[in-house]
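J.: the following block contains a protein sequence and its predicted model.
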Amino acid sequence: MPAWLLYSVVSLFFVLAATALFFFTVTRGALLMRGVMAGSDSDAAHVYPIYSNLRLIRLIDFQPIIAAILLFQYDRLVSAITHGLQHMNLRGKNVLITSCAFGNVIPRVVNAALDTGARRVLIADIIKNELDHAQGKLLSHAGKIEFLQENAIAMKQADNSVSANVIFFLLHELPHHLKGQALKEAGRVLEPGGKLYLAEFHRPDLWVLRALSWTYFKVFEPLGLALWDTHDPLKQLEAMGGFSCERRTVFFGNFQIIVATKNPA
Ligand SMILES: C[S@@+](CC[C@H](N)C(=O)[O-])C[C@H]1O[C@@H](n2cnc3c(N)ncnc32)[C@H](O)[C@@H]1O
């Protein structure tokens with residue numbers, strides 16, 4: 001093997017290993033540390049430092065990095081949600097985004113909601129730094145957006161108060177006993193006829209992708225694997241009752257978008 005090729009392979013290996021180590025440290029590694037130290041009983045104990053530390057948030061929130069983490073399906077997943085919102089009658093209505101996310105999903109959802117006539121967009125997150133960071137992406141919409149520091153499992157919004165609720169890749173990060181509670185809250189605040197848009201990971205159809213995905217979840221995000229079976233959000237919503245649900249999977253089944261419409265009372 002020529003020396004330049006050997007150096008390139010070794011360098012690539014070190015870059016990938018360093019990246020993996022960095023992400024492990026600021027995600028699961030930090031939670032493991034929290035678990036052995038005192039003070040892990042707060043409502044936000046499950047939130048990774050990459051979502052709570054403002055420097056880390058700013059370091060990681062670059063569209064190409066975020067797109068790569070979602071295997072370059074980010075744009076497609078967001079488009080499925082914005083397309084759905086654009087086909088709703090949101091005139092004078094409230095739209096809720098439950099939990100912030102990296103990339104341009106928040107500005108795109110906000111634009112779609114306001115363009116369709118929504119009166120207000122509420123953005124809720126348990127971490128204030130995430131809300132401040134999201135606010136920086138939405139300066140031109142000041143006045144039509146409310147930023148709320150709230151827990152997805154105990155929202156302060158009234159029953160039936162929003163027409164659409166967008167949850168983008170939150171469930172896989174929640175402890176199992178909170179996943180169903182977050183779905184119940186998402187349903188409670190929706191008005192009859194309102195829609196919950198849920199984007200999440202899903203059990204891949206291809207065994208190669210399934211093996212890679214399983215390894216990823218085991219190492220970095222062990223709370224996500226339950227979405228494949230015991231905590232399948234579609235089954236949880238159907239078991240709750242009161243919703244008509246549609247699920248679309250993309251990229252060989254690796255991701256899912258569920259649209260749950262709340263039935264009239
Ligand atoms: C939606 S998830 C991650 C999304 C995706 N992995 C991404 O690329 O950004 C991360 C967000 O959920 C928020 N979060 C976690 N638990 C929450 C809870 N119980 N209630 C509200 N927000 C929560 C975190 O603070 C963070 O802003």
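T.: Done, it's in.

J.: how about stretch 150-166: buried residues?
T.: 150-153, 155, 157, 161-166 (16 or more other CB atoms under 10 Å). C-beta here means a position set from N, CA and C on the backbone, and glycine is covered the same way.

J.: quick one: the strands in the stretch 51-200 of the chain, in order.
T.: For the stretch 51-200 of the chain, strands defined by DSSP state E, counting those that start in this stretch occupy the ranges 94-98, 120-125, 145-149, 162-168, 190-201.

J.: make TSV out of the ones you listed and add distance to the ligand.
T.: TSV is the format used below for the strands of the stretch 51-200 of the chain (distance: least, CB to the nearest ligand atom, whole Å):
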stretch	distance to the ligand
strand 94-98	6
strand 120-125	5
strand 145-149	9
strand 162-168	6
strand 190-201	9
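
J.: what would these look like in JSON lines with mean pLDDT?
T.: Output for the strands of the stretch 51-200 of the chain, formatted as JSON lines (pLDDT from 0 to 100):
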{"stretch": "strand 94-98", "mean pLDDT": "98"}
{"stretch": "strand 120-125", "mean pLDDT": "98"}
{"stretch": "strand 145-149", "mean pLDDT": "97"}
{"stretch": "strand 162-168", "mean pLDDT": "98"}
{"stretch": "strand 190-201", "mean pLDDT": "98"}
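
J.: so Met88 makes contact with Asn165?
T.: No - checked against CB atoms under 8 Å, the pair Met88 and Asn165 is beyond contact range at 11.8 Å.

J.: shared neighbours of these two, which are they?
T.: Shared contacts of Met88 and Asn165 (CB atoms under 8 Å, 6 or more residues apart in numbering): Lys195.

J.: contact partners for the closest residue to Glu221 other than its chain neighbours?
T.: Leaving aside its chain neighbours, Glu221 sits nearest to His172 (6.2 Å; criterion: CB to CB, 6 or more residues apart in numbering). Taking CB under 8 Å, 6+ apart, we find His172 in contact with 200-201, 221, 223-224, 227.

J.: from these, pick the one nearest Leu59.
T.: Glu221 (19.1 Å; CB to CB).

J.: please report how far the closest one lies from the ligand.
T.: Going from Glu221 to the ligand by CB to the nearest ligand atom, to the nearest Å gives 9 Å.

J.: same deal with Leu183?
T.: 12 Å.

J.: in this structure that residue contacts Pro233, no?
T.: Yes - taking CB under 8 Å as the definition, Leu183 is a contact partner of Pro233 at 6.4 Å.

J.: what do these two both touch?
T.: Leu171.

J.: returning to that earlier point: nearest to Asn104, of the strands of the stretch 51-200 of the chain?
T.: Proximity to Asn104 (CB to CB) singles out strand 162-168 among those, at 11.2 Å.

J.: packing partners of the closest one?
T.: For strand 162-168, the packing partners by 3 or more CB pairs under 8 Å, 6 or more residues apart in numbering; DSSP states H and E come out as helix 74-86, strand 94-98, helix 105-115, helix 176-189, strand 190-201.

J.: let's see that with 7 Å instead.
T.: Applying 3 or more CB pairs under 7 Å, 6 or more residues apart in numbering; DSSP states H and E, one finds that strand 162-168 contacts strand 94-98, helix 105-115, helix 176-189, strand 190-201.

J.: just give me how far the third one sits from the chain centre.
T.: Using CA atoms, centre = their mean, to the nearest Å, we find the averaged C-alpha position of helix 176-189 to lie 14 Å away from the chain's own average C-alpha position.

J.: that one to strand 162-168, inter-axis angle?
T.: Counting by axes from the mean of the first three to the mean of the last three CA atoms, to 10 degrees, helix 176-189 lies at 150 degrees to strand 162-168.

J.: adding distance to Leu32 and mean neighbour count, write the helices and strands packed on strand 162-168 out as a markdown table.
T.: Formatted as a markdown table, those follow (distance: least, CB to CB, whole Å; neighbours: other CB atoms under 10 Å):
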| stretch | distance to Leu32 | mean neighbour count |
| --- | --- | --- |
| strand 94-98 | 27 | 26 |
| helix 105-115 | 28 | 21 |
| helix 176-189 | 17 | 19 |
| strand 190-201 | 21 | 21 |
